[in-house]
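Chemist: just coords:
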């Protein structure tokens, strides 16, 4: 089960925002709810930081990553670098392991990590 499988206000609290991207609670309160729900098995563990980017922010982040990837001639990330990037992400509190997504930019990490021109929005790893 993930946040989107919950309904109404519970889903909004789990995600940290409503469908329009407006915050529903402070990030601290959302995190407290998330920890409680994880401890009770209501939602999977993977991240305790609930604030997620809006749909517009996700689209903007993906668009800039895609443009950089195209400018870099669609060059893939070498396997050792992919593994290093993934290890760094797995240590980050913004990484959602259950969904393989970054909580900062909202990107699918299987895609983002595989593009050599991609970079972490928090500056933890850069483009090749």
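Modeler: Looks like it came in fine. Model, not experiment: these values are computed from the prediction.
Chemist: all strands of this structure, in order?
Modeler: Assigned by DSSP state E, the chain shows strands spanning 95-96, 101-102.
Chemist: what's the last one in contact with?
Modeler: So the one you mean is strand 101-102. Strand 101-102 is contacted from outside by 89, 94-96, 107-109, 112, 120-121, using Cβ atoms under 8 Å, 6 or more residues apart in numbering. From N, CA and C alone the C-beta is placed, and that goes for glycine too.
Chemist: about what we covered before: mind checking which of the strands of the chain is nearest residue 40?
Modeler: Among these, strand 95-96 comes nearest to residue 40, with 18.6 Å by Cβ to Cβ.
Chemist: could you give me the buried positions within the longest helix anywhere in the chain?
Modeler: Ranked by residue count under DSSP state H, the longest helix found in the chain is helix 55-71. Under the neighbour-count criterion of 16 or more other Cβ atoms under 10 Å, helix 55-71 has 58, 61-62, 65, 69 buried.
Chemist: repeat for stretch 90-101
Modeler: 92, 94-96, 99-101.
Chemist: could you tell me the end-to-end distance of it?
Modeler: 10 Å (Cα to Cα, to the nearest Å).
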